[in-house]
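Enquirer: What follows is a predicted structure for the sequence shown.
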Amino acid sequence: MYQNWLEFHRGTLLWKCTGLTDDQLKTASVSPSRLTLLGLLRHMAEVERSWFRCRSAALTLPDLYCPDDDKDGDFDNVADAVVEQDFATFKDECLAADEAVRAKSLDETFDGRNGPISLRWVYVHMIEEYARHNGHVDLLRECIDGATGD
């Protein structure tokens with residue numbers, strides 16, 4: 001059930017970004033916000049890597065877009081981003097995340113900021129993270145071309 005909901009939200013994000021130009025994907029919402037569809041896609045790739053691969057699977061990987069000196073690089077640095085590459089990165093991170101935890105128990109834990117965190121907690125958190133950001137995606141897409149829907 002967790003994996004299916006996660007895949008549903010991943011697919012929703014991709015669906016909401018379909019059929020737009022690179023410029024539209026890089027269009028910010030309403031000033032002063034810097035939020036863009038591409039920024040959200042990049043953010044979710046970063047979050048997939050962080051929670052599933054780096055934390056849950058204890059892999060040491062560099063940040064994709066957010067080095068220590070640019071913590072909001074996923075959102076901020078979209079002007080010169082290569083959209084096709086960012087979409088491929090997102091899809092690759094989702095596949096790699098799934099593979100990294102495939103054999104793990106949902107009850108397996110790792111150290112979190114405030115104590116042990118289970119893989120089950122990570123799935124619930126990621127579903128919540130996607131649901132929240134997909135709400136942002138809905139509004140951004142409607143502002144860009146009026147498209148609405150699930």
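Expert: Happy to help now that I have it.

Enquirer: which SSE is residue 8 in?
Expert: Applying DSSP states H and E as the criterion places residue 8 in helix 2-16.

Enquirer: now that helix, how far from the centre of its chain.
Expert: Computed by Cα atoms, centre = their mean, to the nearest Å, the chain-centroid distance of helix 2-16 equals 10 Å.

Enquirer: quick check, residue 110 in a strand?
Expert: Yes: counting by DSSP: H, G, I helix; E, B strand; the rest coil, one finds residue 110 located in a strand.

Enquirer: Which residue is the nearest non-sequential neighbour of residue 118?
Expert: residue 109 (5.0 Å; Cβ to Cβ, 6 or more residues apart in numbering). Every residue, glycine included, has its C-beta placed from N, CA and C.

Enquirer: ok, that neighbour - contacts?
Expert: By Cβ atoms under 8 Å, 6 or more residues apart in numbering, the residues touching residue 109 are 116, 117, 118, 119.

Enquirer: ok, and what's touching the helix or strand containing residue 92?
Expert: Using DSSP H and E, residue 92 sits in helix 83-101. Contact with helix 83-101 is made by 3, 10, 14, 17, 22, 25-26, 38, 41-42, 44-45, 48-49, 51-53, 56-57, 59, 64, 119, 122, as judged by Cβ under 8 Å, 6+ apart.
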